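Visitor: build me a model:
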Amino acid sequence: MSPTDDGDPVTFADLGLDPELLAALTHLGYEEPTPIQRESIPPLVGGQDLLGQAATGTGKTAAFALPILQRLVGSDRTDEPLALVLVPTRELAMQVSEAIHKYGKGIGARVLPIFGGQPIGRQLQALRRGIDVVVATPGRAIDHIGRGSLPLGGVDMVVLDEADEMLDMGFAEDIDAILAATPSSRQTILFSATLPARINRLAQRHLTDPVRIEIATPSTAPGEAPQVRQVAYVVPRAHKAAALGRVLDVETPTAAIVFCRTRNEVDDLTETLNGRGYRAEALHGGINQEQRDRVMGRLRGGTADLLIATDVAARGLDIDHLTHVVNYDVPSAPESYVHRIGRVGRAGREGVAITLAEPREHRMLKNIERLTKQKIAIEKVPTVADLRTRRMEVTLATLRESILNDELDDDDGGLDHYRVVVESLTSEFDLMEVALAAVKLAHDASAATGTGDEVDIPDVTLRPSSPQDRGGRDRPPRGDGPRRTFDDAKPGAPGKPPSGDMTRLFVGIGHDSKVRPGDLVGAIAGETSLSGRDIGAIQIRDHFSLVEVPESAVEEVIGAIRNTTIKGQKAQIRRERDDPRATR
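Guide: Alright, predicted model coming up:
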């Protein structure tokens with residue numbers, strides 16, 4: 001499903017959604033469905049099971065959230081949940097819950113995220129009051145099922161979001177147990193960034209005659225690829241605006257388009273950038289033709305150098321002096337990425353395509369690389385020192401240009417107007433001191449834009465996302481297959497020392513508490529910024545376990561596990577005693 005029969009683009013109204021939901025989407029600034037939404041919503045509204053391949057950032061949350069809310073509109077609500085969404089981490093649980101709440105505010109949808117690290121009493125109270133949609137991590141869902149506080153007998157829809165990530169974290173058995181507690185007549189939706197054999201096995205066990213959706217690979221004819229330098233920066237969400245300003249200052253584009261997903265994001269980012277001294281204009285579906293013409297006039301006339309736009313609003317634009325395209329979010333689909341970067345590098349000119357990705361969107365960049373067969377270089381956000389160096393280069397270039405222009409233009413007196421000032425000052429100060437003061441004033445003036453961004457932006461350390469990337473082609477996949485463990489050792493023996501930058505932690509819970517590797521991986525990944533792939537080898541003994549984690553995350557892991565439970569129990573955690581960095 002792409003364009004409608006008359007050739008017009010598909011809109012959310014074409015997908016058969018309730019007017020209340022359409023009004024919410026309009027209010028939030030959504031203009032048209034992404035490919036995964038176009039393909040998924042109609043069969044889901046029709047009640048079919050679905051197996052979808054969709055990476056983070058493709059709009060898959062709305063792809064399953066809107067059909068859930070559509071089902072709520074026509075149902076007799078009770079105090080028990082109608083839908084259950086399983087996600088791998090607490091961060092994603094909060095994001096999905098917030099999105100469903102925003103989409104369903106007009107119909108009074110009751111949504112509850114449940115995950116470890118949050119007081120369970122608050123969750124119990126909310127469940128007793130009545131909930132329509134529960135968004136849960138598998139470990140906490142199992143905990144509530146064991147307590148009898150999460151009734152699943154009335155669940156009509158179950159979503160497994162980022163299923164491959166949940167399997168990587170060792171949640172395969174928990175997922176089976178949770179689905180076994182739901183009615184066999186339920187509708188089941190599974191989304192995964194990749195579709196390896198273990199995902200297909202999971203689908204075969206739990207989905208009935210599912211619709212299978214994979215976004216088509218965009219094709220580029222030989223010789224048609226634009227001359228574009230492609231680069232990405234992985235940045236925490238809280239620092240994206242600052243990172244954008246830093247990158248713009250270093251790149252100094254002649255003109256740039258910054259693409260955002262929604263109208264609201266366009267308006268917010270435009271206001272932020274203008275507040276920091278940039279000349280930015282907004283362009284989206286809420287702007288009429290007269291305003292649009294004014295915006296484009298300012299951009300072409302050079303009184304604006306940044307256009308902040310949605311994909312829909314930027315259709316048909318052709319800006320000759322455009323040098324940079326910036327994806328403020330990872331594009332919704334590889335086709336969008338190809339279309340966007342094709343706006344620069346035309347007619348033999350070189351261009352730059354920049355993407356700002358959040359850490360959990362890194363896999364989607366790899367997906368775009370694989371589908372487009374083009375390399376996207378991952379670089380570190382320029383530092384404050386880099387920014388200052390670049391600004392000094394701009395000052396030098398500006399002064400050199402002013403001197404050269406004066407030599408070429410004798411008609412208006414050029415720099416002679418200022419000679420009397422220099423002569424007056426040199427009678428009192430050394431010529432070098434006068435020149436230094438003048439350069440400083442020129443530099444301060446040219447560096448005025450973005451001065452609020454001179455703060456440190458934290459580096460994000462990315463780890464290989466697959467066994468192949470780690471150099472271990474024969475390792476079994478985590479989740480369905482056995483997890484890597486230490487070599488067998490005598491009880492209480494420390495085993496091999498941790499490798500590289502990994503540190504071994506002692507966790508005071510083991511076989512006697514029926515702990516599995518997946519329980520430890522789920523507890524750590526669910527309560528910290530680490531993913532299942534970041535966690536190293538695990539050894540489980542009768543009364544304790546040993547777990548390898550990156551040294552940089554040791555304190556975060558220790559603090560998180562001390563504030564949560566594993567298999568319903570509090571567990572002591574510390575560095576292993578033979579670690580020289582351990583606290584004695």
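Visitor: partners of whichever helix or strand Ala232 is part of in the sheet?
Guide: Using DSSP states H and E, Ala232 sits within strand 228-234. Looking at strand 228-234 with DSSP bridges, its partner strands are strand 351-357 (parallel), strand 377-379 (parallel).
Visitor: now render those as JSON lines, adding mean pLDDT and mean neighbour count.
Guide: (Each C-beta comes from the backbone N, C-alpha and C, glycine too.) Converted to JSON lines, the strands paired with strand 228-234 look like this (pLDDT from 0 to 100; neighbours: other CB atoms under 10 Å):
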{"stretch": "strand 351-357", "mean pLDDT": "91", "mean neighbour count": "23"}
{"stretch": "strand 377-379", "mean pLDDT": "89", "mean neighbour count": "12"}
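Visitor: could you dump those to JSON lines with distance to Pro119?
Guide: Formatted as JSON lines, these follow (distance: least, CB to CB, whole Å):
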{"stretch": "strand 351-357", "distance to Pro119": "33"}
{"stretch": "strand 377-379", "distance to Pro119": "38"}
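Visitor: so which of the ones you listed gets nearest Thr503?
Guide: strand 377-379 (25.1 Å; CB to CB).
Visitor: now the closest one: how far from the chain's centre is it?
Guide: Between the centre of strand 377-379 and the centre of its chain there are 16 Å (CA atoms, centre = their mean, to the nearest Å).
Visitor: quick one: contacts of that strand?
Guide: Gln230, Val231, Ala232, Tyr233, Val234, Leu365, Leu462 (CB atoms under 8 Å, 6 or more residues apart in numbering).
Visitor: next structured bit after that strand?
Guide: By DSSP H and E, the next helix or strand past strand 377-379 is helix 384-408.
Visitor: and this structure, what are its domains?
Guide: Following automatic domain parsing, one gets these domains for the chain: 12-214, 228-383, 384-401+425-455, 502-575.
Visitor: turn these into JSON lines, including distance to His417.
Guide: Formatted as JSON lines, those follow (distance: least, CB to CB, whole Å):
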{"stretch": "domain 12-214", "distance to His417": "50"}
{"stretch": "domain 228-383", "distance to His417": "25"}
{"stretch": "domain 384-401+425-455", "distance to His417": "14"}
{"stretch": "domain 502-575", "distance to His417": "57"}
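Visitor: list the buried residues in the one helix or strand Ile36 maps to.
Guide: For Ile36, the element it lies in under DSSP H and E is helix 35-45. Within helix 35-45, the residues that count as buried by 16 or more other CB atoms under 10 Å are Pro35, Ile36, Gln37, Arg38, Glu39, Ser40, Ile41, Pro42, Pro43, Leu44, Val45.
Visitor: got it, and stretch 130-148?
Guide: 131-145.
Visitor: quick one: residues contacting the closest residue to Thr310 other than its chain neighbours.
Guide: Spatially, and ignoring its direct neighbours in sequence, Thr310 is nearest to His284 (4.6 Å; CB to CB, 6 or more residues apart in numbering). Contact analysis of His284 by CB under 8 Å, 6+ apart lists Gly29, Glu31, Arg263, Val266, Asp267, Ala309, Thr310, Val312, Ala313.
Visitor: farthest-separated two in those?
Guide: It's Asp267 and Val312 that sit farthest apart of the contacts of His284, by CB to CB, at 14.7 Å.
Visitor: helices or strands up against whichever strand or helix holds Glu20?
Guide: Per DSSP H and E, Glu20 falls inside helix 19-28. Under the contact criterion of 3 or more CB pairs under 8 Å, 6 or more residues apart in numbering; DSSP states H and E, helix 19-28 touches helix 60-73, helix 90-103.
Visitor: rank these by pLDDT, which is bottom?
Guide: Ranked on mean pLDDT, the bottom entry among these is helix 90-103, at a mean of 88.
Visitor: tell me how far it is from the chain's mean position?
Guide: That offset, for helix 90-103, works out to 14 Å (CA atoms, centre = their mean).
Visitor: residues contacting the residue nearest to Tyr337 when sequence neighbours are not counted?
Guide: In space, and not counting its chain neighbours, Tyr337 is closest to Pro331: 4.3 Å by CB to CB, 6+ apart. With contacts defined as CB under 8 Å, 6+ apart, Pro331 is in contact with Gly57, Phe259, Tyr337, Arg340, Thr355, Ile368.
Visitor: distance of the fifth one from Ala232?
Guide: I take that to be Thr355. Note on Thr355: its distance to Ala232, by CB to CB, to the nearest Å, is 4 Å.
Visitor: find residues that contact each of the two.
Guide: Leu365, Ile376.
Visitor: helices of the stretch 301-450 of the chain, start to end?
Guide: With DSSP state H, counting those that start in this stretch as the criterion, the stretch 301-450 of the chain has helices at 334-341, 362-372, 384-408, 419-426, 431-446.
Visitor: returning to that earlier point: so which elements touch the next helix or strand after the strand holding Ala232?
Guide: Counting by DSSP H and E, the next helix or strand C-terminal to strand 228-234 is helix 240-251. Applying 3+ CB pairs under 8 Å, 6+ apart, one finds that helix 240-251 makes contact with helix 263-275, strand 324-327, strand 351-357, helix 384-408.
Visitor: what does the average pLDDT come to for helix 240-251?
Guide: On average, helix 240-251 scores 88.
Visitor: list the buried ones in the helix holding Glu20?
Guide: In helix 19-28, counting by 16+ other CB under 10 Å, buried: Glu20, Leu21, Leu22, Ala24, Leu25, Leu28.
Visitor: tell me what angle that helix forms with helix 60-73.
Guide: 150 degrees (axes from the mean of the first three to the mean of the last three CA atoms, to 10 degrees).
Visitor: so how many other residues sit close to the residue nearest to Gly116 when sequence neighbours are not counted?
Guide: Leaving out its chain neighbours, the residue that sits closest to Gly116 by CB to CB, 6+ apart is Thr564, at 4.7 Å. Around Thr564 there are 19 other residues, counting by other CB atoms under 10 Å.
Visitor: ok, Thr564 to Ala313 distance?
Guide: For Thr564 relative to Ala313 (CB to CB), the value is 45 Å.
Visitor: if we can go back for a sec, so what strands line up beside the following helix or strand past the helix holding Ile36?
Guide: Where DSSP H and E defines the elements, the next helix or strand beyond helix 35-45 is strand 50-53. Partners of strand 50-53 in the sheet, by DSSP bridges, are strand 187-192 (parallel), strand 211-214 (parallel).
Visitor: just name the most buried of these.
Guide: Counting by mean count of other CB atoms under 10 Å, strand 187-192 has the highest mean neighbour count of these, with a mean of 24.
Visitor: just so I know, which of the helices and strands packed on helix 19-28 lies nearest Glu551?
Guide: helix 90-103 (22.2 Å).
Visitor: quick one, the closest one and helix 60-73 angle?
Guide: 50 degrees.
Visitor: may I have helix 90-103 as CSV, with CA atoms only?
Guide: The C-alpha coordinates for helix 90-103 follow below in CSV (Å, rounded to 0.1, in the frame of the first residue of the first chain):
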residue,chain,number,x,y,z
ARG,A,90,12.6,0.2,30.9
GLU,A,91,13.6,3.2,28.6
LEU,A,92,11.6,1.7,25.7
ALA,A,93,8.7,0.8,28.1
MET,A,94,8.5,4.5,29.1
GLN,A,95,8.7,5.7,25.5
VAL,A,96,6.1,3.4,24.2
SER,A,97,3.8,4.1,27.1
GLU,A,98,4.1,7.9,26.6
ALA,A,99,3.4,7.5,22.8
ILE,A,100,0.3,5.4,23.4
HIS,A,101,-0.9,7.9,26.0
LYS,A,102,-0.5,10.8,23.6
TYR,A,103,-2.2,9.0,20.7
